[in-house]
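Visitor: Below are the sequence and a predicted model; questions follow.
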Amino acid sequence: MQFASFAAEQPMMRAALALTVGIYIGNLIALGYWARAEARARNGSVLGTFLLLSTGFGLVYYLWVRYVRNDWESRSEPADRRERVVTAYSLAVLLAFVVGAFVTPPDPMMQVLALPPLFVVSFVVSYLFVTRGSVGDSGETAA
């Protein structure tokens, strides 16, 4: 049974496939916005920042250095709410993809069906993670 013919016959599969494609397209838009904001705030290259953030390893490295170790170079301007939301969105896509690889069988149809609900849960978790340290002790925004 081919994936395309199965998706055409099942309305739930069509909806899940449309949501999954929408989530990944939204992730590209969010990464573009986030890369532009990061590059502007750190006087860096937008293309280099986008390439770093668009790879899974680069995104994990960036999040580890910026939010866990908290030793990234200082920004010229603090992150606003929109930048924190797109950061959480990109982190949620990565987290939903990784969790989906572990909790679903190695079947593309099941992974497509599982991604939208996993993304919703991952977005809540990642938004709380990104905004938990958004205001430092000195009153300036840290995230």
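Guide: Good, I have the coordinates.
Visitor: Quick check, central residue of the protein?
Guide: Of all residues in the chain, the one closest to the mean position by C-alpha atoms, centre = their mean is residue 90, 1.2 Å from it.
Visitor: residues in contact with the strand or helix carrying that residue?
Guide: Using DSSP states H and E, residue 90 falls within helix 81-103. By C-beta atoms under 8 Å, 6 or more residues apart in numbering, the residues outside helix 81-103 that reach it are 23-24, 26-27, 30-31, 33-34, 37-38, 53, 56, 59-60, 63, 79, 111, 114-115, 118-119, 121-123, 125-127, 129-131, 134, 143. Using the backbone N, CA and C atoms, a C-beta is placed for each residue, glycine as well.
Visitor: Buried residues of it, list them for me.
Guide: 83-97, 99-100 (16 or more other C-beta atoms under 10 Å).
Visitor: how about the nearest residue to residue 24, chain neighbours excluded?
Guide: residue 93 (7.1 Å; C-beta to C-beta, 6 or more residues apart in numbering).
Visitor: So for the one you found, what's the pLDDT?
Guide: Note on residue 93: pLDDT of 91.
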